[in-house]
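S.K.: got a sequence here, can you model it:
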Amino acid sequence: MDLDEEYGRKRLTYKRCQRCYNSIALFYIVIFGMIAFAELYLGFLGGSFYTVLGAIISGAVLAAGFCGAYLHKDIFAVSAPVLTLLISTIVPLVAFVAPICVLCTVINVIANKKYHWLEQQDGFPYFNTRFRNQEIDTSQWNIKDPYTQTYEEIKNKDNNNGQMDEL
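M.R.: Below you'll find the model as predicted:
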């Protein structure tokens, strides 16, 4: 397999993972951000403790889902549907969103598995042969050729700070 083809496939997988993360984060921001805002608004108008508690928990769902998507940690992704089920006891409307939240968690865990595999591959995150060649060139630039090494040894011997060497 050609290196360009391999990098092309890995780059496509990386872009798919990023697309999954962006759509999951957008779902959590739109749905649970609106729920948290509505709960806070109703909590201040009505003065109910449960609406403020619902706003806090929906904010926690929003944060867990967002962190699960962008920190690439499965614990945050799994905690979001658990908190969604907890908030569905307070806000019954959220029970309709809970299956979508579970689906987002499954997609997030699969994307995290692919992302962690991609992290271990050569060329991450760019997967471009030009960047790989540039890394090889910079590593080769730091290696000195034998002529430069002998020149530096001779130069260090000559700079003995005025001390006399044995003949």
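
S.K.: identify all contacting residues around stretch 85-104.
M.R.: Counting by Cβ atoms under 8 Å, 6 or more residues apart in numbering, stretch 85-104 makes contact with 24, 27-28, 31, 35, 39, 50, 53-54, 57-58, 61, 65, 77, 80-81, 84, all of which sit outside it. In short, each C-beta sits where N, CA and C put it, glycine included.

S.K.: for Ile75, what are its contacts?
M.R.: Under the criterion of Cβ under 8 Å, 6+ apart, the contact list for Ile75 reads Gly68.

S.K.: for it, what are phi and psi?
M.R.: The main-chain torsion angles of Ile75 are listed as degrees, to the nearest 10 and equal phi -70, psi -40.

S.K.: how near is it to Val109?
M.R.: Going from Ile75 to Val109 by Cβ to Cβ, to the nearest Å gives 10 Å.

S.K.: then Phe124?
M.R.: Distance of Phe124 to Val109, computed by Cβ to Cβ: 20 Å.

S.K.: with Val91 instead?
M.R.: In this structure, Val91 and Val109 are separated by 26 Å, where distance is defined by Cβ to Cβ.

S.K.: the two: which has the busier surroundings?
M.R.: Taking other Cβ atoms under 10 Å, Val91 and Val109 do not tie; Val91 has more neighbours (20 against 13).

S.K.: okay, strands next: where are they in this structure?
M.R.: Listed in chain order, the chain contains no strands at all (DSSP state E).

S.K.: pLDDT below threshold where in the chain?
M.R.: For the chain, residues meeting the criterion pLDDT under 70 lie at 1, 158-167.

S.K.: can we see that at 90?
M.R.: Judged against pLDDT under 90, the low-scoring parts of the chain cover residues 1-4, 7-8, 39-54, 89-94, 122-167.

S.K.: pull the longest helix from it.
M.R.: The longest helix of the chain (DSSP state H) is helix 3-46.

S.K.: which elements pack onto that one?
M.R.: On a contact count with 3 or more Cβ pairs under 8 Å, 6 or more residues apart in numbering; DSSP states H and E, helix 3-46 meets helix 49-70, helix 98-119, helix 129-142.

S.K.: repeat the analysis, applying 6 Å as the threshold.
M.R.: Contacting helix 3-46 under the criterion 3 or more Cβ pairs under 6 Å, 6 or more residues apart in numbering; DSSP states H and E are the following elements: helix 49-70, helix 98-119.

S.K.: contacts for the first one?
M.R.: Outside helix 49-70, the residues within contact range by Cβ atoms under 6 Å, 6 or more residues apart in numbering are 21, 24-25, 28, 32-33, 35-36, 39-40, 42-43, 76-77, 79-80, 83-84, 87, 90-91, 108.
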